[in-house]
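In: below are the sequence and a predicted model for it; my questions follow.
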Amino acid sequence: MNRVVECVPNISNGTHPEIYNTIAKACEKIPGVKLLDVDPGRATNRTVITFAGAPEVIVDAAFEVIKAAKEMIDMRVHTGEHPRMGACDVCPFVPVSGVTLEDCAELARKLGKRVGEELGVWAYLYEAAASKPEWKSLTNVRMGEYEGLEARRGKSEWKPDFGSFEKFDPKFGAVAIGSRKFLVAYNINMNSTNKKSANDIAANIRETGKNKRQYYPDGPFVKNPDGTNVKEPGLFSHCKAGAWIIPEYNRAQITMNLTDTEVTPVHSVFDVVEKQAFERGMRVTGSEIVGLVPLKALTDAGKHFLKKQGLSSAVSEKELVRTAILSLGLDDVAPFKAEDKIVEWCLARKNRLVDLTLDTFADTLASDAPAPGGGSVAALCGNLSASLATMVCNLTFGKKDYKTKNAQMEELGLKGQKLKDFFLDAIDKDTDSFNKVMDANRLPKDTEAQKKARDLAIDEANKESILVPLGVLERTQEVLPILQTVATEGNINCASDAGVGAYCLLTCAEGAAMNVKINLKNMTDEKFKNDVLKRMDNALVKVRKEVPIIVSAVEKNL
């Protein structure tokens, strides 16, 4: 799984494109970071910038944005409707895939330290990165806004986490840097302009709920002993919801911010709203996602709706997304372009080997280009093996004679899909690792410093060129139990497919091992070599032992 972090700085300028666009583009100075969205607001005089990348580079990108904001924005003359306290007001890190909330909190601390030391700016940590409980709330951190910052001097409770408390930069103000979960802005559309019913549904689902009444729906409010209204909690935590009429659609819409889709998934909210709308004589026509969404939110939705249909969820990532789009009605009011809306797909590398047609890939393979080569083909064989194993799982699921196997086949199919995608990624990774070796060997070596840097680069590239095929070899062991099960318990009409998958797996393992061995010739680190050879031998022994057993089971079925 690729490790992806989203960063969403909010800067205090939304009226001058030459300013907010320049600041936003500063993140792209850092290789591996992609600018995803720039959303200015004139009334708020604020722009929300969204970019993403690996955790290793995202802090540098965020620093460049804050640095540019410091240079180009003067808070002494800033006005706007939105609460704010600095040229870059907030800068949260958001885990997308392969990273945790705490990982992002550590990134926030790292950025805060740099901002305080290198830019001389007050930096406060908030939400998951907060240094004290009261600063988990951004509202508390931003209390008094920019105009109240000068009054914080000398008050220990307001000492920033980073930056000299004695030196305040009135041109910049202060910045809140934090870590939070991905916020999905999600709207559900009705076939009605009945705002009262839509508001009622919104009150039922949001975390804060509504004031409790003695008699539903219009009786007097139930009171606490102190005279305040008793609150009736909503159905979903991490859900903020309201309702309005959208004139251009001429319909009511329930608008939501889902602040933790792991706890409150998009599809769960959709199902409940659909049911409550039906109870009020309305119908949900579809929904929309405003801004970006993590891939998992949609693949989870796809699995949910497939299971409701009694179908296996062990399908491809693209099919899960397609199912989610259709089931949630995400194309209801505007086309849903998944490649522009899903964070991971926005960051997807272009011009991959795996995007080539089969004939173009074969032509490239058969040319005089040194890569792709045997390592990529070995990974391709692993992909074909995992794909065949998963196919047999799906062709067993739901068949009358194999009803008792449904749960087992779906579970194995889900594992097979993940392995299929791993081997697919490895096709390009193997070629990339070879190209890195070539690039390292081309580095200059005129001075001692250059020689040392070149030798280090060559050593690191050589290690990667070994670890990639070694990883491919070791993951073949995870395909074995899937093949073993489908060969002995799967749909007997697919026996030959399981057999071909077994032979593809053996080719993958043997081919990957050959690439490990040929690249080991360039290594001088004996400890590293011995460790690699031990891991290689362990994996090979297992695959060589179990593939014939699988083939034998297939032959019996044939």
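Out: Thanks, I have the structure now. Keep in mind it's a predicted model, so treat the numbers as computed, not measured.
In: which residues touch stretch 507-523?
Out: With contact meaning C-beta atoms under 8 Å, 6 or more residues apart in numbering, stretch 507-523 is reached by 374-375, 377-379, 381-382, 385, 423, 430, 462-463, 465-466, 469-470, 472-473, 476, 529, 532-533, 536, 539-540, 543-544. Any C-beta I mention is one placed from the backbone N, CA and C, and that applies to glycine too.
In: hmm, try it at 6 Å
Out: Stretch 507-523 is contacted by residues 374-375, 378, 381-382, 462, 465-466, 469-470, 472-473, 476, 529, 536, 540, 543 when judged by C-beta atoms under 6 Å, 6 or more residues apart in numbering.
In: what's the longest helix in the chain?
Out: Longest helix of the chain, by residue count under DSSP state H: helix 448-489.
In: and the next element down the chain from that one?
Out: On the C-terminal side of helix 448-489, the nearest following helix or strand under DSSP states H and E is helix 495-520.
In: return the distance of the very next helix or strand once past that next one from the chain's centre.
Out: Per DSSP H and E, helix 495-520 leads on to helix 526-557 as the next helix or strand towards the C-terminus. A distance of 34 Å separates the centroid of the chain from that of helix 526-557, by C-alpha atoms, centre = their mean, to the nearest Å.
In: next, the angle from helix 526-557 to helix 448-489.
Out: Interaxial angle of helix 526-557 relative to helix 448-489 (axes from the mean of the first three to the mean of the last three C-alpha atoms, to 10 degrees): 20 degrees.
In: OK, contacts around residue 328?
Out: Under the criterion of C-beta under 6 Å, 6+ apart, the neighbours of residue 328 are 270, 287.
In: pretty sure residue 257 belongs to a helix, no?
Out: No: under DSSP: H, G, I helix; E, B strand; the rest coil, residue 257 sits outside any helix and is assigned strand.
In: specify the beta-bridge partners of it.
Out: Here residue 257 sits in beta bridges with residue 185, residue 240, going by DSSP bridges.
In: tell me who's in contact with it.
Out: 183, 185, 240.
In: one step back: can I get the buried part of the contacts of stretch 507-523 as one PyMOL selection?
Out: The following PyMOL line selects those of the contacts of stretch 507-523 that are buried, judged by 16 or more other C-beta atoms under 10 Å:
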select buried, resi 374+375+378+381+382+462+465+466+469+470+472+473+476+536+540+543
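In: outside of stretch 538-551, which residues touch it?
Out: Here stretch 538-551 makes contact (C-beta under 6 Å, 6+ apart) with 473-474, 476-477, 480, 483-484, 487, 499, 502, 506, 509, 513.
In: give the residue spans of this protein that score low on pLDDT.
Out: Scanning the chain for pLDDT under 70 picks out 1, 215-218.
In: scan it for its longest strand.
Out: strand 88-97 (DSSP state E).
In: isn't residue 266 up against residue 297?
Out: Yes: counting by C-beta atoms under 6 Å, residue 266 touches residue 297, with 5.4 Å between them.
In: higher neighbour count, these two?
Out: residue 266 (24 against 21; other C-beta atoms under 10 Å).
In: show me where the stretch 101-250 of the chain has its helices.
Out: Assigned by DSSP state H, counting those that start in this stretch, the stretch 101-250 of the chain shows helices spanning 101-118, 138-141, 195-205.
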